[in-house]
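**Student:** Here is my input; please provide its structure:
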Amino acid sequence: MEKFKRIKIETLLTLFLVIIFLNNLIDYNLQTQHDAALHHYPIFNILTLNFNEIATPYGIFYYLYITFFAPIAFPFYKLEILGDRESFYLMIKISNFVLYFLSIIFSIKISKLIFGKKDLEYLLPVIFIFSISSLHRTFLMARPENLIIFLVLVSFVYLFKLMKQSKLKNKDKFIFIVCLFLIGTAKLNGFCYLLCLFFFLLIFNKNNFLVFKLSIFVFVSIFLYYLLHNYISLMSVYDRPYGIELNGVKHGLFQYGKDLTLFTKYSFMDSWNFPIRYNHSDTMLNILALDLYGDYYVYGIEKFREDLTLLNRKGLILSHIFFILFLVSLIVNSVNFSNILKYNPLLLFFNLLVPAGIFLLIIFTIVEYYGENNTTIKLEYINFFIIGSCYSITYFLTRYKLMYFKKFFMSLLMIYLVFCNLQLIPFNLKFF
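**Tutor:** Okay, here's the model as predicted:
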């Protein structure tokens with residue numbers, strides 16, 4: 001009976017998240033996503049078998065995956081229910097829905113591994129993850145990060161097994177290797193995730209020889225794909241795709257006389273008063289705070305743009321709460337380092353991923369910054385570095401000495417998550 005009740009609640013939660021996502025996915029205009037041409041043309045060329053015209057520095061597998069859904073979308077075009085562009089977008093949306101749904105399933109699976117199945121608190125990180133506006137927005141677009149997010153969640157499962165058992169079955173090894181290979185070939189940010197993962201394993205996993213073997217298989221496979229990619233695409237994986245439409249505009253932080261204070265200065269009042277894109281190109285922290293639970297760059301759902309200032313101001317407050325919770329959980333988990341390492345070592349990895357993702361944005365911006373309309377600081381690039389922190393925060397709030405106030409903190413967290421999810425629903429309470 002207990003198992004049936006748990007399955008029922010998991011199903012209802014999944015249905016709730018899926019309904020919110022589908023409501024926004026159906027309305028989303030894929031023409032308005034950023035880097036639309038960069039991601040849409042490879043799909044179109046594969047679909048029309050124009051392999052000689054494929055030009056992308058990113059891995060081909062995500063684009064190839066999308067074309068598998070062409071048989072579902074094509075009848076709508078053939079029967080003249082949808083036009084060619086609309087049926088093309090339908091194919092992308094169906095593929096994204098599948099990845100989103102599978103991501104929910106695996107996030108629940110990871111929660112069970114970390115929190116157990118006794119209490120329903122294991123569902124809180126799942127709600128937490130899929131209430132993040134930047135992650136929700138990513139799944140509305142055609143981006144390799146959609147595949148990476150799903151595969152990162154899968155990798156968490158096998159990473160947990162590896163840290164607990166120090167060995168894997170051959171089938172698990174194979175799935176883990178394939179998963180990491182696809183992450184590493186999808187995009188440079190995926191490759192950086194692999195570097196973080198193997199760095200963590202080499203330090204905290206006892207079976208260093210197994211880690212070494214896994215890393216050899218993964219990185220050799222990725223290198224071979226990089227060689228093959230030159231024959232698949234007109235662009236190599238080392239080509240610079242970012243800002244190609246700017247045609248010769250100089251790029252690089254120091255080229256514009258900027259310094260590293262761009263990554264350290266912050267103003268809550270500036271964020272509050274000017275919460276829309278291009279007002280904070282010189283302040284990374286302002287952008288991250290506005291975009292986590294808002295839509296700073298205006299790439300999200302059109303129906304929200306009527307009062308985007310209000311949406312972003314509410315998101316600003318929610319982001320501050322998130323960052324405070326993360327920092328406190330990071331400190332508490334660091335103080336309880338030996339205990340975490342023994343019972344839940346995956347939480348250490350999650351804590352390390354967030355600063356690693358921010359560091360990646362810093363390096364990227366130093367190299368690619370291109371002036372007052374700069375858009376290199378996007379959470380879409382590092383969502384999969386952030387999602388693990390939702391498990392760490394929930395663990396901090398429901399364990400340790402705080403467990404004596406567990407019901408109180410869980411109630412507060414639920415209220416917080418309600419407001420986070422209101423950011424994704426076309427119904428905005430006007431408090432400000």
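**Student:** How about residue 380, nearest residue that isn't a chain neighbour?
**Tutor:** Nearest residue to residue 380, sequence neighbours excluded (C-beta to C-beta, 6 or more residues apart in numbering): residue 138, at 4.8 Å. All C-beta atoms are positioned from the backbone trio N, CA, C, and that covers glycine.
**Student:** List the contacts of that neighbour.
**Tutor:** Contact analysis of residue 138 by C-beta atoms under 8 Å, 6 or more residues apart in numbering lists 145, 146, 149, 380, 383.
**Student:** Report the buried residues of stretch 223-230.
**Tutor:** For stretch 223-230, the neighbour count (16 or more other C-beta atoms under 10 Å) marks 225, 226, 229 as buried.
**Student:** Could you measure from the residue most central in space within the chain over to residue 419?
**Tutor:** Closest to where the C-alpha atoms of the chain average out (C-alpha atoms, centre = their mean) is residue 383, at 2.7 Å. Distance, residue 383 to residue 419, by C-beta to C-beta, to the nearest Å: 20 Å.
**Student:** mind checking the backbone torsions on residue 281?
**Tutor:** Backbone torsions of residue 281, given as degrees, to the nearest 10, read phi -60, psi -20.
**Student:** Burial check on the residue nearest to it when sequence neighbours are not counted, number of neighbours?
**Tutor:** What sits nearest to residue 281 in space, not counting adjacent residues and going by C-beta to C-beta, 6+ apart, is residue 374, at 4.4 Å. For residue 374, the count of nearby residues is 21 (other C-beta atoms under 10 Å).
**Student:** I'd say residue 374 and residue 364 touch.
**Tutor:** No. Residue 374 is beyond contact range of residue 364, at 10.8 Å (criterion: C-beta atoms under 8 Å).
**Student:** shared neighbours of these two, anything?
**Tutor:** Between them, residue 374 and residue 364 share no contacting residue, judged by C-beta under 8 Å, 6+ apart.
**Student:** Can you get me a residue count around residue 327?
**Tutor:** Neighbours around residue 327, by other C-beta under 10 Å: 12.
**Student:** Within the helices and strands, which one has it?
**Tutor:** Assessed by DSSP states H and E, residue 327 sits inside helix 308-335.
**Student:** Show me the buried residues of stretch 223-230 that map onto helices.
**Tutor:** Residues from these lying in helices, with DSSP state H as the criterion: 225, 226, 229.
**Student:** Name the SS class of the closest residue to the second one other than its chain neighbours, please.
**Tutor:** What that stands for is residue 226. Spatial nearest neighbour of residue 226, chain neighbours left out: residue 237 (5.2 Å); criterion: C-beta to C-beta, 6+ apart. Under the three-state scheme (DSSP: H, G, I helix; E, B strand; the rest coil), residue 237 adopts coil.
**Student:** and the spatially closest residue to residue 110 that is not a sequence neighbour, what element?
**Tutor:** In space, and not counting its chain neighbours, residue 110 is closest to residue 156: 4.9 Å by C-beta to C-beta, 6+ apart. Following DSSP H and E, one finds residue 156 within helix 144-165.
**Student:** rewinding a little: next up, phi/psi of the residue nearest to residue 380, please.
**Tutor:** Torsion angles, degrees, to the nearest 10, at residue 138: phi -60, psi -40.
**Student:** Quick one: residues contacting the nearest residue to residue 383 once chain neighbours are set aside.
**Tutor:** Distances taken as C-beta to C-beta, 6+ apart put residue 135 closest to residue 383, at 4.5 Å, once the chain neighbours are dropped. Residue 135 makes contact with 129, 149, 379, 383, 386, 387, according to C-beta under 8 Å, 6+ apart.
**Student:** same deal with residue 40?
**Tutor:** Going by C-beta under 8 Å, 6+ apart, the list of residues near residue 40 reads 30, 88, 92, 142.
**Student:** mind listing what's buried in the helix or strand containing residue 113?
**Tutor:** Assessed by DSSP H and E, residue 113 sits inside helix 84-115. For helix 84-115, the neighbour count (16+ other C-beta under 10 Å) marks 87-97, 99-100, 103-104, 106-111, 113-115 as buried.
**Student:** One more: stretch 181-201?
**Tutor:** For stretch 181-201, by 16+ other C-beta under 10 Å, it's 181-187, 189-194, 196-198, 200-201.
**Student:** just stretch 27-37 next, same as before
**Tutor:** So for stretch 27-37, counting by 16+ other C-beta under 10 Å, buried means 28, 30, 33, 35.
**Student:** ok, so of these, who is nearest residue 348?
**Tutor:** residue 35 (33.5 Å; C-beta to C-beta).
**Student:** where does the closest one land on pLDDT?
**Tutor:** Reading off the confidence values, residue 35 has pLDDT 86.
**Student:** ok, now residue 237?
**Tutor:** Model confidence at residue 237 (pLDDT) stands at 77.
**Student:** Burial check on it, number of neighbours?
**Tutor:** 19.
**Student:** Would you agree it is in contact with residue 57?
**Tutor:** Yes. Using C-beta under 8 Å, residue 237 is in contact with residue 57, at 5.3 Å.
**Student:** how about low-confidence regions in the stretch 151-300 of the chain?
**Tutor:** Scanning the stretch 151-300 of the chain for pLDDT under 70 picks out 166, 238, 240-249.
**Student:** mind listing what's buried in the helix holding residue 327?
**Tutor:** 308, 310-319, 322-323, 325-326, 329-330, 332-333.
**Student:** now for that helix, which elements pack on it?
**Tutor:** The contact analysis (3 or more C-beta pairs under 8 Å, 6 or more residues apart in numbering; DSSP states H and E) places helix 308-335 against helix 268-273, helix 284-291, helix 346-368, helix 388-398, helix 406-422.
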